[in-house]
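In: how would this look folded up:
(one chain, ligands or ions: 1)
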Amino acid sequence: MKAWPAPAKLNLFLHVTGRRADGYHLLQTVFRFIDYGDTLYFTVRDEPLVTHANPLPGVLPQHDLTVRAARLLQAHTGTSQGVEIRLDKRLPMGGGLGGGSSDAATTLIALNQLWQTGLSRAELEVLGLQLGADVPIFVHGHAAFAEGVGEAFTDVHLLPSSYLVLIPPVSVPTPAIFSSPDLCRSTPVISPSDWSAGQGRNDLEPIAVQLYPEVGAYLDLLRPYGVARMSGSGACVFVEFADAKAAQAALEQLPTHVRGFVADGLDQHPLQDCLT
Ligand code: C5P
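Out: This is a model prediction of the structure:
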C-alpha cells in the first residue's frame, strides 16, 4: 500500500504583529519543512464512510484532523467515496511541529488524487485553512515567509542545513499561549524581502517558557550549539547546523533521557508534485 508522508515544519522565526477582531493573531513567520514526520495510508471505499483504523488515544473521530479533512473534502466535492485512514504517528502532539496539520494536509492531497476530485492547490489551501491555521502551508508545499494568520505566502529558498530538534516532556496547548495577557502582540511588521536566515525571534517563546519551564530548560541545553529557538507555540525547540553529522554529534552529547532527533531542512514538501 502506498505510504503518504506528512513532514514536520519548523518556524524559523515567528512574530506576532497584531490581533484580528475574531481573536486570531496576525503573524509573520518562515515555515520550513524537515525530512522527519508521520506516514499515512489510505484505503478507498465505494461508500462514503470515513474511518480511522488506529485512532490516537483520547482523540474522538470527530476531532481527528485527518477524519475532518476527509469529510471536508467529501462535503466540498460531493464525492460518494469514503476511506479508511491509518496513521503512523511519529510527531509529538502539542509539539509545535505541525504534526496534526501536516496529517490533515496529506489527507487532503492524497484523497484529492485517490478520489479524483481534481481540486487545485489554491482550492485545497482554502479548504485546509478551515481545519487550522497551519494546514495551508503543507498544501502550499514550498518553504515560505507567511503572513496573515499564516496563510499568505512568499516562497523562500534556504541554504541546505540540518536541525537538532528536542522534544521537551510536555504538550503545549496552542490557545493557552495565544491567549496569555503577557504575549507581545505588536512586533513591527517587516517586508518578506528584508528577512534573512537567522533573523527574528519567536514571540510565543517567553510565554511557553513561563507556563512550561521544561521548554526553557531544553532551550538552555541547545544554547551551547547556536541560536536555540522554539517552533510554533512549542514545546519543541531546535538549533541549526551546517550538516547532519554535526547535529548528530551534539545530540549524542546530551543526557540520555533527552528525546530528540536530527533532520534535514527541505524547501519542498515531498508531495509537492501531486498538485497543480
Ligand atoms: O488554527 P489552529 O487550530 O492551529 O489554532 C489553535 C488556536 O490558536 C486558535 O483557536 C487560536 O486560539 C490560536 N491561534 C491564534 N492565531 C493564529 C493561530 C492560532 O490566535 N494565527
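In: Longest strand in this protein, please.
Out: strand 25-45 (DSSP state E).
In: now for the next helix or strand after that one, which elements pack on it?
Out: As assigned by DSSP states H and E, the chain's next helix or strand after strand 25-45 is strand 50-52. On a contact count with 3 or more CB pairs under 8 Å, 6 or more residues apart in numbering; DSSP states H and E, strand 50-52 meets helix 65-77, strand 82-88. For glycine as for every other residue, the C-beta is placed from the backbone atoms N, C-alpha and C.
In: thinking again about what came up before, so which bits of the longest strand of the chain are buried?
Out: Across strand 25-45, burial judged by 16 or more other CB atoms under 10 Å covers 25-38, 40-42.
In: And stretch 16-25, by the same measure?
Out: 16, 17, 25.
In: Of these, which are in range of the ligand?
Out: Restricting the buried residues of stretch 16-25 to those touching the ligand (CB under 6 Å from any ligand atom) yields residue 25.
In: just the buried residues of stretch 16-25 now: which is nearest residue 107?
Out: Of all these, residue 107 sits closest to residue 25, with 25.7 Å by CB to CB.
In: In the sheet, which residues pair with that closest one? Tell me.
Out: residue 19 (DSSP bridges).
In: where along this structure do the helices fall?
Out: Using DSSP state H, the helices of the chain run over 65-77, 99-114, 121-129, 135-140, 174-178, 205-211, 213-222, 244-253.
In: right, and those helices - which one's nearest the ligand?
Out: The ligand lies closest to helix 174-178 among these, at 3.7 Å (CB to the nearest ligand atom).
In: residues from the chain in reach of the ligand?
Out: So far as CB under 6 Å from any ligand atom goes, the chain lies against the ligand at 24, 25, 27, 132, 133, 134, 149, 150, 174, 175, 178.
In: Give me the ChimeraX select line for those, limited to the buried ones.
Out: In ChimeraX, selecting the buried portion of the residues of the chain next to the ligand, with burial taken from 16+ other CB under 10 Å, looks like this:
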select :25,27,132,133,134,149,150,174,178
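In: Export the residues of the chain next to the ligand as a markdown table, with columns for pLDDT.
Out: Shown next, in a markdown table, are the residues of the chain next to the ligand (pLDDT from 0 to 100):
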| residue | pLDDT |
| --- | --- |
| 24 | 94 |
| 25 | 97 |
| 27 | 97 |
| 132 | 95 |
| 133 | 95 |
| 134 | 96 |
| 149 | 91 |
| 150 | 89 |
| 174 | 96 |
| 175 | 95 |
| 178 | 97 |
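In: between the residues of the chain next to the ligand, which is closest to residue 235?
Out: Of all the residues of the chain next to the ligand, residue 235 sits closest to residue 174, with 10.8 Å by CB to CB.
In: residue contacts, the nearest residue to that closest one once chain neighbours are set aside?
Out: Distances taken as CB to CB, 6 or more residues apart in numbering place residue 233 nearest to residue 174, at 4.4 Å, with adjacent residues excluded. Residues counted as contacts of residue 233 (CB atoms under 8 Å, 6 or more residues apart in numbering) are 96, 172, 174, 177, 178, 204, 208.
In: helices and strands around the longest strand of the chain, which ones?
Out: Applying 3+ CB pairs under 8 Å, 6+ apart, we find strand 25-45 packed against strand 4-19, strand 82-88, helix 99-114, strand 144-147, strand 162-166, strand 260-266.
In: In contact with the nearest residue to residue 148 once chain neighbours are set aside, which residues?
Out: Counting by CB to CB, 6+ apart, residue 148 lies nearest to residue 26, which is 6.8 Å off, once chain neighbours are set aside. Taking CB under 8 Å, 6+ apart, we find residue 26 in contact with 16, 17, 18, 19, 20, 147, 148, 149.
In: Now distance to residue 90 too, for the helices of the chain, in a markdown table please.
Out: Converted to a markdown table, these look like this (distance: least, CB to CB, whole Å):
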| stretch | distance to residue 90 |
| --- | --- |
| helix 65-77 | 15 |
| helix 99-114 | 8 |
| helix 121-129 | 21 |
| helix 135-140 | 15 |
| helix 174-178 | 20 |
| helix 205-211 | 22 |
| helix 213-222 | 19 |
| helix 244-253 | 16 |
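In: which one of the ones you listed has the most crowded surroundings?
Out: Mean neighbours per residue, mean count of other CB atoms under 10 Å, is largest over the helices of the chain for helix 135-140, with a mean of 28.
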